[in-house]
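> Provide a 3D model corresponding to the input given below.
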Amino acid sequence: MSNRFVQIIANPGAGQEGLNLKTVQNIFAAYPVDWDIRITKAAGDAERMAREAAEAGADVVAIYGGDGSVAEAAAALAGSEKSCLAILPGGTANVMSVELGIPNKLEDALHVAANPASQVRIVDLGTVNDRTFVLRVGIGLEAEMVAGADRETKDKYGVFAYLWAAAQNIAAPPVARYQIVADGEEYEAEGLTCIVANSGNIGLSGMNLIPDTAVDDGLLDVIVIEPAGVKTFLDVVSSVLGMNQTEAGGDSVQTDETRPTLGSAIRRWRAKEVTITCDPPQSIQSDGELLEGDKIHCRIQPRALRVLVPAA
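Numbers count the residues shown, from 1 in each chain. As a prediction, the model looks like this:
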C-alpha cells in the first residue's frame with residue numbers, strides 16, 4: 001500500500017516567520033507520507049496549485065499562510081471527495097484554524113496534516129460575487145479594519161492589529177443604509193457594518209460575533225451593527241484588547257459573565273442566499289482581502305470542504 005501524499009503550498013508573504021523545511025522533514029518522517037512543497041508568488045497561485053494537486057490525486061493539500069490563502073485553497077478543493085485541506089497557520093489571525101481547533105503552533109499543525117488518525121471535518125463554504133470565502137464578508141467598519149491594519153502592525157500585534165484599527169475608526173464611524181434580500185425576503189437596516197458570516201470566530205478562542213454561528217450549519221448569518229451599538233462595539237473591542245479599566249483607575253478583570261457582547265447591538269438574519277447593497281457605498285472585504293464594487297451577492301455551499309482536524 002502506497003504512502004499518502006501531502007502537497008504543501010506555502011505563502012512566503014504570510015505574517016509569521018516562515019515554514020522551516022527541516023521541521024517539516026523531521027515531523028513527516030515519523031508518518032507514512034510522501035510530500036512536496038510549492039511556493040506561491042502572487043495572488044491566485046494557491047488556488048491554482050491546490051487545484052493541480054487535487055487533479056493529480058493528492059490525499060492532503062496543506063496550505064501554509066493566512067485566511068486569504070486558506071480561502072484560495074478551499075475554492076480549489078470544494079467538492080473534492082479525495083483531497084482534504086490541512087491548515088498550517090502562518091498568517092496574522094488564522095481565524096479558520098482557531099474555529100476548527102487546529103493548533104496554532106506550526107509543529108503541532110504539521111502533525112495533524114501527516115497523522116492518518118486525524119479526523120476529517122466537513123464544513124460549509126460561502127461565495128461572494130463568485131469568489132469563495134471560508135469566514136465572512138464585511139461591509140463598512142469591518143472592511144475598514146482590514147484596510148487600516150498595515151503589514152508592519154500585523155507583524156507586530158497579530159490579530160490585535162485589526163481590533164486596534166477598529167478602535168481608531170470607531171470615534172466617528174460612517175453609517176450606511178443596507179438593502180438586504182435574504183432568501184427572497186427584503187429588509188432594510190442602518191448600521192456601522194454589515195457582515196455575512198459563515199464563521200463567527202474573530203481569531204481568539206472563545207470570541208465569537210454570534211455564539212451559535214457555525215461553519216457546518218448550512219446557513220449564512222447576516223449581521224448589521226446598528227448606530228446605537230457604537231458604545232457596545234467599542235466595549236467589545238476594548239475588552240478583547242485588554243484596555244478596560246475601572247472608574248478608580250485600577251485593573252478590570254473580564255470574565256464570561258462581565259465581558260460585553262454584541263447581542264443587544266445587532267440585527268440578524270439567517271439565509272442560504274443574500275444580496276446586499278448599501279448607500280452610500282462602503283469598503284468590502286472577504287477573508288481579509290479587499291474587494292471592488294458596491295454590491296454583494298452571497299450564497300452558501302453546504303458541506304463543500306473536507307478539512308483535517310486533530311484526532312479526538
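> and the helix or strand where Pro302 lies, how far out from the chain middle?
Element membership for Pro302 (DSSP states H and E) is strand 295-309. How far strand 295-309 lies from its chain's middle: 12 Å, per CA atoms, centre = their mean, to the nearest Å.
> same thing with stretch 98-112?
15 Å.
> go on, stretch 78-98?
10 Å.
> quick one: end-to-end length of it, please.
The straight-line separation of the ends of stretch 78-98 (CA to CA, to the nearest Å) is 20 Å.
> quick one, strands of the stretch 51-200 of the chain?
60-65, 84-89, 119-128, 131-133, 136-140, 176-182, 185-191, 193-197 (DSSP state E, counting those that start in this stretch).
> tell me which of the ones you listed lies nearest to Lys105.
strand 84-89 (8.3 Å; CB to CB). Where C-beta positions appear, they are placed from N, C-alpha and C, glycine not excepted.
> how about Asn94: what's its closest non-neighbour residue?
Asn104 (6.2 Å; CB to CB, 6 or more residues apart in numbering).
> ok, which stretches of the stretch 101-250 of the chain are helices?
106-114, 141-148, 151-157, 160-169, 230-241 (DSSP state H, counting those that start in this stretch).
> where among those is average confidence lowest?
Mean pLDDT across these is lowest at helix 151-157; the value there is a mean of 50.
> one step back: hmm, the residue nearest to Asn94 is touching Val98, no?
Yes: Asn104 lies in contact with Val98 (CB atoms under 8 Å); the separation is 7.4 Å.
> centroid-nearest residue for the protein?
Leu135 (3.9 Å; CA atoms, centre = their mean).
> Asn104 and Val98 - which one has more neighbours?
Val98 (21 against 12; other CB atoms under 10 Å).
> give me the element Thr275 is part of.
Going by DSSP H and E, Thr275 is part of strand 273-279.
> give me the buried positions along that strand.
Buried residues in strand 273-279, counted by 16 or more other CB atoms under 10 Å: Val274, Thr275, Ile276, Thr277, Cys278.
> contacts for it?
Strand 273-279 has contacts (CB atoms under 8 Å, 6 or more residues apart in numbering) with 139-140, 176-183, 194, 196, 220, 222, 294-300.
> ok, of these, which come out buried?
The buried subset of those - by 16+ other CB under 10 Å - is 139-140, 176, 178, 180, 182, 194, 196, 220, 222, 296, 298-300.
> got a list of what Arg303 touches?
Here Arg303 is in contact with Ile122, Val123, Asp124, Asp216, Gly218 (criterion: CB under 8 Å, 6+ apart).
> ok, and the most crowded of the residues you listed?
Going by other CB under 10 Å, Val123 tops these with 24 neighbours.
> identify the bridge partners of it.
When assigned by DSSP bridges, Val123 has beta-bridge partners Leu305.
> any idea how far Ser286 is from it?
Shown here: Val123 relative to Ser286, a distance of 17 Å by CB to CB, to the nearest Å.
> Glu273 now?
The separation that Glu273 has from Ser286, given CB to CB, amounts to 16 Å.
> show the pLDDT at the closest residue to Ala10 other than its chain neighbours.
Using CB to CB, 6+ apart and skipping residues adjacent in sequence, the residue nearest Ala10 is Tyr64, 4.2 Å away. At Tyr64, the pLDDT value in this model is 96.
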